[in-house]
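Engineer: heads up, no residue letters with this:
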């Protein structure tokens with residue numbers, strides 16, 4: 001069990017970890033987008049969009065749920081999953 005101040009700090013850090021994930025997600029979608037000078041085929045691009053969305057959606061969901069769990073622990077509320 002962590003001290004409430006440490007739990008609150010880690011809760012903020014887990015929530016703040018979402019911003020770099022969104023940046024990487026946007027960069028990868030930009031790279032995968034076909035351009036006038038070349039790039040991937042539209043079908044492969046759509047597969048990349050779907051795959052990146054699923055992967056980063058899961059990572060962001062886990063980070064936010066972990067942040068909420070640490071926030072509840074800092075307040076003294078304990079819930080079983």
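Structural biologist: Sure thing, it's come through. Computed from a predicted model, the values in this text were never measured in an experiment. Residues are numbered from 1 along each chain as shown.
Engineer: what about the helices in this protein?
Structural biologist: 4-16, 18-32, 42-75 (DSSP state H).
Engineer: Pipe those into a markdown table and attach mean neighbour count and mean pLDDT per row.
Structural biologist: In short, each C-beta sits where N, CA and C put it, glycine included. Shown next, in a markdown table, are those (neighbours: other CB atoms under 10 Å; pLDDT from 0 to 100):
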| stretch | mean neighbour count | mean pLDDT |
| --- | --- | --- |
| helix 4-16 | 15 | 92 |
| helix 18-32 | 13 | 94 |
| helix 42-75 | 14 | 94 |
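Engineer: residue closest to the middle of this protein?
Structural biologist: Taking CA atoms, centre = their mean, the centroid of the chain lies closest to residue 60, which sits 2.3 Å from it.
Engineer: Angles on the backbone of the residue of the chain most remote from its centre, please.
Structural biologist: Centroid-distance maximum for the chain: residue 37 at 31.3 Å, with CA atoms, centre = their mean. Main-chain torsions, residue 37, degrees, to the nearest 10: phi -90, psi 0.
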